[in-house]
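*Asks:* next one to model:
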Amino acid sequence: MSRGAGGPPRGRRRDRLIAFGWLVLVWSLFWGDFSWGNLAGGMLVAGAVLLFFPLPPVRFGGRLRPGPLLVFAVRFVSELVSASAHVARVAVQPGYRPRGAIIALRLRVRTDLNLALTAEAISLVPGTLIVEVDRHAGVLYVHVFDTHGPQDLIGSRQRILAVERRLVRAVGSAAEVRQVSADPVERGP
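*Replies:* Numbering: from 1, shown residues only. The predicted structure is shown next:
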């Protein structure tokens, strides 16, 4: 279907309908009541949000690969548990003052979807937080917790790029997979 003066292509309309439905659902969950009035109010709010704050189109050119997706999930849970234990240990250690740092990291695949997925996965792990995203340059600014020297910063960079690599392998296009595979950073266990 071609783009014409009549509006966005069919896929974009479908995405807007899905976003509309989710916004109405979230509105109803916030109120804790699924009444007709609440549904109408949610529809008005969802329509206003989508009208005044339109989302940029996110194109998904990849495909879902179950094997690499499972690898991503297992490694993500492993990192989540390990980082949680580390942050908990630092929190209860008497007299210890952790040092943090902010690192700038240019991702290899600079699509909006990859930026969002990588930033979300990084932010969910305790001890790392996205401070800023330079969408046009594909750069994430990440606060890392408990750094002791340059080796910790290098290790943090490698872990973040490894997360990007696993994500792209799980949901990226063949060209994106080749792009992250050409620059291997995953070291360690």
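*Asks:* G67 should be in a strand, yeah?
*Replies:* No: the assignment for G67, made by DSSP: H, G, I helix; E, B strand; the rest coil, is helix rather than a strand.
*Asks:* for stretch 41-61, the distance to its chain's centre please.
*Replies:* Offset of stretch 41-61 from its chain centre (CA atoms, centre = their mean, to the nearest Å): 19 Å.
*Asks:* who's in contact with that stretch?
*Replies:* Outside of stretch 41-61, the residues within contact range by CB atoms under 8 Å, 6 or more residues apart in numbering are 8, 12, 15-16, 19-20, 23-28, 31, 111-113, 116, 171, 173, 176. Placement of C-beta: from N, CA and C, glycine included.
*Asks:* buried ones among those?
*Replies:* F20, L23, V24, W27, S28, T111, L113, V171, E176 (16 or more other CB atoms under 10 Å).
*Asks:* the fourth one sits in which helix or strand?
*Replies:* In other words, W27. helix 10-31 (DSSP states H and E).
*Asks:* thought R108 was touching L161?
*Replies:* Yes: at 7.4 Å, R108 counts as touching L161 under the criterion of CB atoms under 8 Å.
*Asks:* among the buried ones among the contacts of stretch 41-61, give me the pair with the biggest separation.
*Replies:* Greatest spacing in the buried ones among the contacts of stretch 41-61, by CB to CB: S28 and E176 (36.9 Å).
*Asks:* domains in this structure, by residue range?
*Replies:* Domain segmentation of the chain under automatic domain parsing yields 10-52, 66-181.
*Asks:* quick one: distance of the lowest-mean-pLDDT helix or strand in the chain to the chain centre.
*Replies:* Lowest on mean pLDDT, DSSP states H and E among the helices and strands of the chain sits helix 10-31, with a mean of 83. Relative to its parent chain, helix 10-31 has a centroid offset of 19 Å by CA atoms, centre = their mean.
*Asks:* what comes into contact with stretch 165-178?
*Replies:* Applying CB under 8 Å, 6+ apart, the external contacts of stretch 165-178 come out as 60-65, 68-69, 71-72, 75-76, 108-109, 111, 114, 117-118, 121, 179-181, 184-186.
*Asks:* of R108 and L161, who's got more company?
*Replies:* Counted by other CB atoms under 10 Å, R108 and L161 do not tie: L161 has more neighbours, with 20 against 17.
*Asks:* tell me the buried residues in the helix or strand harbouring the more buried one?
*Replies:* For L161, the enclosing helix or strand under DSSP H and E is helix 150-171. Neighbour counts over helix 150-171 (16+ other CB under 10 Å) mark 152, 156-157, 159-171 as buried.
*Asks:* secondary structure class for G95?
*Replies:* Following three-state DSSP, G95 is assigned to coil.
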